[in-house]
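**Student:** Next comes the sequence, and after it the predicted model I'd like to discuss.
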Amino acid sequence: MTRNVNVLYSKARVRKGELNHANLEQALRASLNTKIGGVVISTDASLRRSDAAPDYGILVINHADPLPKGIFIEIVRFAPGSQIPLIQTGAGGSEYSLQNANTPRGTELIRGFLYAIVIEDHFLYVNREMAVHRCEDLIEWMLANRTTIATPDLSLSFTAEVNVEALASVQKMVLRPREAADPGRDWRSQSREIVPMETRADTERLTGSSVFGILKAAHFTDERIATLEAQGGGHRA
């Protein structure tokens with residue numbers, strides 16, 4: 001059975017600072033292996049949680065799975081002010097529960113999510129109500145502040161860089177310009193929320209051994225997405 005899905009592509013570029021590793025994938029691997037208080041970050045989602053943007057939501061790298069080639073990550077945007085329980089995973093670590101949490105005034109728990117595979121500096125992702133510049137901010141925080149793998153002044157940019165001739169299985173591609181707020185990232189000092197027009201290659205109707213097949217092999221299951229979509233619909237990023 002063919003499944004239609006939009007898989008977005010960006011390439012990570014360092015605008016400022018240093019990753020101190022060959023590429024983004026290697027830097028993320030190193031950060032996930034870092035210990036804080038004797039606990040390896042990859043085993044505890046609470047160590048991968050950022051509350052730096054309270055009006056936007058609680059951002060968490062809720063799941064990270066290093067693969068033989070690449071890293072699969074799940075980033076979740078929880079409702080601001082939510083009391084989210086940690087649950088034990090089969091691998092002995094912990095992640096935040098995607099349901100049955102205390103949310104302020106009965107608001108829905110999931111405000112947005114992003115699933116991605118990071119291969120070297122390539123970033124293939126599927127998202128819903130998750131602004132990509134927030135993903136950049138979260139990964140910068142993880143590498144530069146939480147684990148100090150990168151230099152403190154690290155600034156990343158996810159931009160499209162596509163070899164169209166190498167994408168024979170892609171039937172349609174749409175390139176869109178990056179938001180006007182870039183490159184100065186003025187949204188950090190503004191009180192109002194900016195909804196970005198993300199730079200992306202929007203690939204549609206992938207079939208057979210497609211990127212979606214790779215995502216699914218990395219635990220990107222229909223059931224998990226259905227749960228998130230059911231809880232996260234109707235909100236604007």
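**Tutor:** Done, it's in.
**Student:** gap between the two ends of stretch 115-133?
**Tutor:** 15 Å (C-alpha to C-alpha, to the nearest Å).
**Student:** quick one: buried residues of it?
**Tutor:** Neighbour-count burial for stretch 115-133 flags 115-119, 121-133 (criterion: 16 or more other C-beta atoms under 10 Å). All C-beta spots, glycine's among them, are computed from the backbone N, C-alpha and C.
**Student:** Equivalent analysis for stretch 15-34, please.
**Tutor:** By neighbour count with 16+ other C-beta under 10 Å, stretch 15-34 contains the buried residues 17, 19, 21, 23-32, 34.
**Student:** right, and I71 touches R29 too?
**Tutor:** Yes. The pair I71 / R29 is scored as a contact, 6.6 Å apart, by C-beta atoms under 8 Å.
**Student:** show me where this protein has helices.
**Tutor:** According to DSSP state H, the chain carries its helices in the segments 24-32, 132-140, 211-217, 222-232.
**Student:** quick one on the thing from earlier: now, the buried residues of stretch 115-133 that are in strands?
**Tutor:** Among these, the members falling in strands (DSSP state E) are 115-119, 122-128.
**Student:** So which of these is the closest to S42?
**Tutor:** Taking C-beta to C-beta as the measure, S42 lies nearest V118 of these, at 14.1 Å.
**Student:** And that closest one, how far from G93?
**Tutor:** 19 Å (C-beta to C-beta, to the nearest Å).
**Student:** now could you export just the CA positions of stretch 136-146 as PDB?
**Tutor:** Extracted C-alpha coordinates of stretch 136-146, given in PDB (Å, rounded to 0.1, in the frame of the first residue of the first chain):
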ATOM      1  CA  GLU A 136      17.500  25.400  15.400                       C
ATOM      2  CA  ASP A 137      17.300  27.100  18.800                       C
ATOM      3  CA  LEU A 138      16.700  23.800  20.700                       C
ATOM      4  CA  ILE A 139      19.600  22.100  19.000                       C
ATOM      5  CA  GLU A 140      21.900  25.100  19.600                       C
ATOM      6  CA  TRP A 141      20.900  25.000  23.300                       C
ATOM      7  CA  MET A 142      21.600  21.200  23.500                       C
ATOM      8  CA  LEU A 143      25.000  21.500  21.900                       C
ATOM      9  CA  ALA A 144      26.300  24.800  23.200                       C
ATOM     10  CA  ASN A 145      24.600  25.200  26.600                       C
ATOM     11  CA  ARG A 146      23.300  21.900  27.900                       C
END
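**Student:** All set, thanks.
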